[in-house]
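the following block contains a protein sequence and its predicted model.
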Amino acid sequence: MNTPLETRIVRALNAIVGPDHVVTDPERLVVYESDGLTSYRVIPLAVVLPATTEEVAAVVKLLHGEGIPVVPRGAGTGLSGGALPSADGVVVGTARMNRILEIDSDNRIARLQPGVVNAHLTVAAKPYSLYYAPDPSSQSTCTLGGNVAENSGGPHCLKYGVTQRYVTGLTVVLPSGEVIRLGGAGRSARGALDLVGLFVGSEGCFGIATEIEVKLLPVTEGVRTLLGIFETMEAAGHAVTAIISEGLLPAAVEIVDNATIRAVEASVYAGGFPVDAGAALVIEFDGTEAGLDADADRAEACCRQAGASEVKRATEATQRAALWNGRKKAFGAMGRIAPDLLVQDATVPRTRLPEVLARITEIGERYELKVANVFHAGDGNLHPNILFDRNDPDELDRVERASKEIMCLCVEVGGTITGEHGVGVDKRGYMQLVLGEVEIEAMRAVKRIFDPSGLFNPGKVLPDPASPPVPAEASA
Amino acid sequence: MPSVTHTASVATAALAGAVEAQKERLLPCVHCGFCLPACPTYTRLGNEADSPRGRLHLMKAVVEGRLDAGSEAFRTHIDRCLGCRACEPVCPSGVEYGTLLELARHTATSKVPPGWLTRGLLAVMASPFLRGALFLGGRVLRVTGLAALGAKLVPALGPLRNARLGLAMLAATSPWRPPGRTSGSAAAQPMVPAGSRPTVAVLVGCVQEGLYSRVNDATIRTLVANGFEVVPVAGQDCCGALHAHGGDLERARSLARRNLDVFTAAGVELVVVNTAGCGAAMKDYDALLEDDEAYAERAKDFAARVRDATEILAEVGPRPGAPIQTSVAYDHPCHLLHAQRIEQAPLDVLAAVPELDVRVIANASECCGGAGIYGLTHPDLGGRIGGDKVRSVRAAGADAACTPNPGCMMQIGAGLRLEGAREGVVHPVELLDESYRRAGFYNGADG
Amino acid sequence: MSVVTSLGDVLPAEALSGAEGGALARVARGAEAVVRPRSPEEVVDAVRWASANGVGVLPVGTGGRTTPARGDGPFMVLAMDRLSGLEIYEPADVTLTAKAGTPLADIEATLAEHRQWLPFDPPQVSSRTLGGLVATGESGPVATAYGELRNHVLGATVVCGDGRVLRLGGRVVKNVAGFDLLRPLVGSRGRLGVVTSVCLRAFPVPAKDRVLLLRSDDFAGLEAAARAVRTAPTLPASVVLWVRPTSQGAALLVRLHGAELTVDADQATLERRAGVSFARADSELVAEVRDDATDAPVVVTLSVLPSRLFEALGAARDLLGHSSVVADAYSGTARIALAEVDTDTVRALRDTIEEMGGALAVEAPDEGPEVRAAGSRPSDAETGVSTRLQEVFDPSGVFWPCRA
């Protein structure tokens, strides 16, 4: 249906990156039709896999000159369709740019290529007793380039903050193919606007970061991980509020509900969550060994006051690892309990958690849908996951309506439509819930600064009523 | 919305049933991508079609009728998989990738037969006579030193490079003797009364029998020394792993049925396998034969009785032998670690050898690139992956590489040899056996 | 005073009172008018009027940290001090929203009632306004443990140069809905717009705030101690080097936050690593150091990688002579107070610092523009993007007076 890429252009791409790293055969391109959000499928004209900044720049410049849209892609694990290809565009993937260029342990910074897997950076920093703090649940596979694009969070960003806090410098290939450097550790006194901060979270719409400089933190001496067991999600929500109000600063506070517990416990990542619990809280404190027990005691008291039936402590590293593995692999494990999964992502003020959880339960019941909750409670960052089967058109319709109702609820209580997964294609339709036309127009204008011809990751983030995205199931 | 509907018409009608029938196994994949960094081909090529998620997506596309199973794209990427199954332990949804891969290969090869090398090797392995002849020739080349010489002389590039690799692999099957000699000092250990433990049979295997019969002997001796009664089982055949991995499921099933029959008839409690690949295949006989009404139930029972040699020895806590003062660089075979999820047992076996310095190499959980006949069918990529493994082995600075799978032993051994490295290659059970020999456990007994 | 007359058509007289001495008077020197709006609407009216009449706007909090206007043409001072007060504060959310002119001292007092605080300690933090803090983007050295101000600004309402009002971000701690226009706004020094309301994340007050002090004349010894502290496995709240111009020598101040047990253990760790034993200091010294080296005719700010801070300070001393220095040893930034400076010296120091991969800025209100211009510049690419960003926020260039 699409005119294939002209041979001349394919040849030019081959010349830049080598023919092994250019995919143009539609049968092979199938594997790139989705990212982590499979409800959208679009097959691109080509996928190009450059290995260096220079190659990225040459590829982007060539495509820009030809007026061909570019969609950047990291590991393709995003959950908002941010790396969904354009049918008339080329995907530029960073999978081969996976080298850690430098770990400067004295200054606690690392320089790396965008295709480096998040967790691999921490492994590489370990000999220096350093680590990279943002730990999205997909950290074992997602890449730093993707983290920069999405401003990724993770359980421990409650205490340590999200990606933005750690990125100090970027080399960026602009949509024109021009290479620019933004920021850089040690250069704050030059008095520039925080363009690194602007770029982080731009969801691949401003260019491709081809070199990333990040801050590392010292590995903490001690850690205490608590598992609080509750009969209801609301009770667990109250415990979260109590812990935060108590003035504690946990590294992470995560909630998993019964449906999630059951899925996780059935998987290879069984973490030791009791399968009949209504909800479980994973609470973690880290830092200097001395004093951690006192914090853990106070958190335990908060849990008990909120009605916890049991509060356990992971006394060994293996138990802790098992709990976290169970928590972080929960999304994948949902594949066991339903054919399809709608992963939601919204943030509400922390004090509104119990109320919001109760209302989400009510919405799920009203639409006769199974909702599995697993989320970053300490941040108020919800992930109500709706389980369904897309082959049931009536159910699909109910999923969409329930999902929208949950979004509206979160906004109504003072929250927002995405806390960490990004807008991508999936949330474009919700943007007007939180932003007015004047803000959206300002964002369009900022996008034009980087991408005047509008060729970079088109159709993402900003609503564009002219060409609404088409979910796969709608077109099937 | 664009799609690849142009392939659908070709594929739908002709699609052989294997993958189609297994689509329930495909559904749990939610495309989360957690498998990507675990995949040796993806981490080297960067192309998602060469990742587990990508291959599963291709399989789905075949099932959905969007892609022809005989297409060059499908065959290439399915074929390029090492089958190391490193993606399985990291999959939150529990996708049975190994089984799906075999089905996909079956589907692909039933549309377009594989290359002559693959077909030839599979045919030879399925025939006791042919493989006997092949391995006899191999042993002659090995003993005469022609294999080692050839590996040295044949140029690394050009039409004969496969032959060079083959010769090096052959040469690498030569035994490695750890330094030191019999001490006889460990005899104070209490003997485990003969036959006090279950009656077992040992899979003799094809390559194992042909080139590593010493490992089979060592397995039997160490089992006996630990109180197992080992019953010889005649009529057993190749386990069929190579055939299943190659997509020749019919031959694999027929071999499985034969083995099932003879081992069952022998009345042993457990079947011991010293080859990780064979053990993994035999533990999967239930999946392989699940649609065979006559065998499905028996296969389930049989699969549950299969043990890796290190697994069964570690279970009883092998009695320590005499010290061996040497160091080994240990590497996990994929079909032990990923397919059978056995990580600690071989290390426990090695721990029964006093003073042995065991160093688990960096990236020990990654495939060595041997993967059956992968090194021969994909010399470039297999060579890259193998080269990385050899580097890790050498970085450990040990006297020998140690891994409980003949395919890996040959691959790593060939890589070391071609680099002119001095490290030998040894199976953990061989070391335990040597330790027992030095301890005098076999004095006065056979073997 | 025709300007004021016509401004009077759009704003009530109460919004147009003049500057009554102090910092505001300093920055109002030469201004056509001082506008002190009492509502966001009045801010919009004033900016719209300025935009329509070709008058520049210099937004000011208290005026204490504002560089006076430079350039030609008429301008007005937009003093935000009357736009004051908390809007939303839910202690259990540990976030607060307040009007831009709210004095930080007021916010601190309210937060303290709930044992919360804002972990920012730039010079004279208590006498700043919330909007002023956001405009300068200065976090102070406790960013070591808490992260920088820009990471904790959750939302803001901004009046753009053409009177558009942008509501950016929100009031939740995680929010990725749309491009992050807040980030360049924080620290933009009024170049993009006037902030009328800000939502910030607050933090629980640590049980203990211990200040460790190491006084010494031995610069090399201090460097070794600073290195031991900043590369220690425990992250202090801040590591500050304080150099006095006279013979009083220098000092390292390390703040530790946490439970008593924790700070005891951290102190022991740091002392073991640094091979020193620290004295204790009180919060008054912290405040004195925090505010030192700011109230001088010339303040040179430099930034380098932390590993090269002492080398950079040595180069500065060689070129500038002995002076007061306050440096954040964890981030590698320092400010140096001087009575006067000449352009060539600044250039020489800038070149040295830039060779070390760092950057340098000069604040010298009473010196000629060439001195200020001798500081480091953003790269051409950064300047290009920044200029276009200013055009998005401020198409007619109303906020020109604060542009360097």
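It's in.

going forward, measure contacts between C-alpha atoms and count neighbours the same way
Noted.

contacts only, for residue 235.
By default, I'm working from chain A. By C-alpha atoms under 8 Å, 6 or more residues apart in numbering or on different chains, the contact list for A:A235 reads A:A306, A:G307, A:A308, A:P354.

let me rephrase: I mean chain C.
C:L235 touches A:P218, C:T144, C:A145, counting by C-alpha under 8 Å, 6+ apart.

how about the stretch 251-400 of chain C: which residue is closest to chain A?
Closest residue of the stretch 251-400 of chain C to chain A, C-alpha to the nearest C-alpha: C:V304 (3.9 Å).

what number of residues lie near that residue?
Residues lying near C:V304 (other C-alpha atoms under 10 Å in any protein chain shown) number 29.

which of the contacts of C:L235 count as buried?
Neighbour-count burial (16 or more other C-alpha atoms under 10 Å in any protein chain shown) applied to these gives A:P218, C:T144, C:A145.

isn't A:D135 right next to A:G153, touching?
Yes: taking C-alpha atoms under 8 Å as the definition, A:D135 is a contact partner of A:G153 at 6.6 Å.

comparing those two, which residue is more hemmed in?
A:G153 (27 against 23).

tell me the SS of the more buried one?
coil (DSSP: H, G, I helix; E, B strand; the rest coil).

returning to that earlier point: from the buried ones among the contacts of C:L235, which land in helices?
C:T144, C:A145 (DSSP state H).

between the buried ones among the contacts of C:L235, which sits nearest C:L252?
Closest approach between those and C:L252, by C-alpha to C-alpha: C:T144, at 15.0 Å.

so how far is chain B from that closest one?
33 Å (C-alpha to the nearest C-alpha, to the nearest Å).

any idea how many residues pack against residue 198?
Here I'm looking at chain A. For A:L198, the neighbour count with other C-alpha under 10 Å is 19.

that's the wrong chain, I wanted chain C
Residues contacting C:V198 under the criterion other C-alpha under 10 Å number 28.

for the stretch 1-150 of chain A, what lies in contact range of chain B?
A:1-2, A:21, A:26-28, A:30-32, A:35-38, A:42-43, A:49, A:75-77, A:87, A:95-96, A:117, A:138, A:140-141 (C-alpha under 8 Å from any C-alpha of the partner chain).

quick one, which of these are buried?
Judged by 16+ other C-alpha under 10 Å, buried ones among these: A:21, A:26-28, A:30-32, A:35-38, A:42-43, A:49, A:75-77, A:87, A:95-96, A:117, A:138, A:140-141.

what about these, which are in helices?
A:P26, A:E27, A:R28.

for A:E213, give the beta-bridge partners.
A:R111, A:G169 (DSSP bridges).

from C:A287, how far off is it?
Remark: distance between A:E213 and C:A287 (C-alpha to C-alpha, to the nearest Å) = 33 Å.

the more surrounded of these two?
A:E213 (23 against 15).

which residues does that one contact?
Contacts of A:E213 by C-alpha under 8 Å, 6+ apart are A:I109, A:A110, A:R111, A:L112, A:V167, A:T168, A:G169, A:L170, A:G184, A:A185.

out of the residues you listed, who's nearest B:P114?
Nearest member of the contacts of A:E213 to B:P114, counting by C-alpha to C-alpha, is A:L112, at 41.0 Å.

quick check: closest non-adjacent residue to the closest one.
A:I100 (4.3 Å; C-alpha to C-alpha, 6 or more residues apart in numbering or on different chains).

now do C:E42
Excluding its sequence neighbours, the residue lying closest to C:E42 (C-alpha to C-alpha, 6+ apart) is C:L11, at 6.7 Å.

what segments of the stretch 101-250 of chain A are helices?
Listed in chain order, the helices of the stretch 101-250 of chain A (DSSP state H, counting those that start in this stretch) span A:118-125, A:144-150, A:157-160, A:195-199, A:233-245.

deepest of the ones you listed, which one?
helix A:144-150 (a mean of 29; mean count of other C-alpha atoms under 10 Å in any protein chain shown).

export it to CSV, keeping only CA atoms.
C-alpha atoms of helix A:144-150 as CSV (Å, rounded to 0.1, in the frame of the first residue of the first chain):
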residue,chain,number,x,y,z
LEU,A,144,19.1,4.6,28.2
GLY,A,145,18.2,6.3,24.9
GLY,A,146,14.6,5.2,25.4
ASN,A,147,14.8,6.3,29.1
VAL,A,148,16.0,9.8,27.9
ALA,A,149,13.1,10.0,25.4
GLU,A,150,10.5,8.9,27.9
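
what's in contact with that helix?
Helix A:144-150 is contacted from outside by A:73-75, A:78, A:94, A:113-118, A:163-164, A:167, A:199-204, A:209-210, A:212, A:420-422, C:176, using C-alpha under 8 Å, 6+ apart.

can you get me a residue count around the residue nearest to C:G193 when sequence neighbours are not counted?
Nearest residue to C:G193, sequence neighbours excluded (C-alpha to C-alpha, 6+ apart): C:C160, at 4.6 Å. Residues within reach of C:C160, counting by other C-alpha under 10 Å, total 24.

ok and the residue in the stretch 1-150 of chain B nearest chain C?
B:C32 (20.9 Å).

how about the contacts made by that residue?
Contacts of B:C32 (C-alpha under 8 Å, 6+ apart): A:G36, A:T77, A:F331, A:G332.

same thing but at 10 Å, please
A:35-38, A:75-79, A:138, A:141-142, A:329, A:331-333, A:335, B:53, B:91-93 (C-alpha atoms under 10 Å, 6 or more residues apart in numbering or on different chains).

write out the residues of the stretch 51-200 of chain B neighbouring chain A.
Listed as neighbours of chain A in the stretch 51-200 of chain B under the rule C-alpha under 10 Å from any C-alpha of the partner chain: B:51, B:53-58, B:60-61, B:66-68, B:71-74, B:77, B:88-95.

which of those count as buried?
Buried among these (16+ other C-alpha under 10 Å): B:51, B:53-58, B:60-61, B:66-68, B:71, B:73-74, B:77, B:88-95.

can you flag which of those belong to helices?
Taking DSSP H, the ones among those that sit in helices are B:R53, B:G54, B:R55, B:L56, B:H57, B:L58, B:K60, B:A61, B:A73, B:F74, B:H77.

the second one and C:L181, how far apart?
Okay, so that is B:G54. For B:G54, the distance to C:L181 - C-alpha to C-alpha - is 36 Å.

C:A361 - nearest residue in space that isn't next to it in sequence?
That would be C:G375: by C-alpha to C-alpha, 6+ apart, it lies 4.5 Å from C:A361.

looks like that neighbour contacts C:A364 (just checking).
No: C:G375 lies out of contact with C:A364 (C-alpha atoms under 10 Å); the separation is 11.0 Å.

anything in contact with each of the two?
In contact with both C:G375 and C:A364: C:V300, using C-alpha under 10 Å, 6+ apart.

more neighbours: these two, which one.
Shown here are C:G375 and C:A364; by other C-alpha under 10 Å, C:G375 has more neighbours (25 against 20).

check the contact lists of A:D135 and A:G153 and give me the overlap.
Counting by C-alpha under 10 Å, 6+ apart, the residues touching both A:D135 and A:G153 are A:N147, A:Y160, A:V162, A:T163.

now those in JSON lines, with pLDDT?
Below are those laid out as JSON lines (pLDDT from 0 to 100):
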{"residue": "A:N147", "pLDDT": "97"}
{"residue": "A:Y160", "pLDDT": "94"}
{"residue": "A:V162", "pLDDT": "95"}
{"residue": "A:T163", "pLDDT": "97"}
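
which two among these are spaced furthest apart?
A:N147 and A:Y160 (15.2 Å).

out of the contacts of A:A235, which sit inside strands?
Using DSSP state E, no member of these falls in strands.

got the contact list for stretch C:311-320?
Contacts of stretch C:311-320 (C-alpha under 10 Å, 6+ apart): C:219, C:223, C:243, C:300, C:302-306, C:308-310, C:321-323, C:325, C:327, C:332-338, C:340-342, C:345-346, C:348-350, C:352-354, C:356, C:358.
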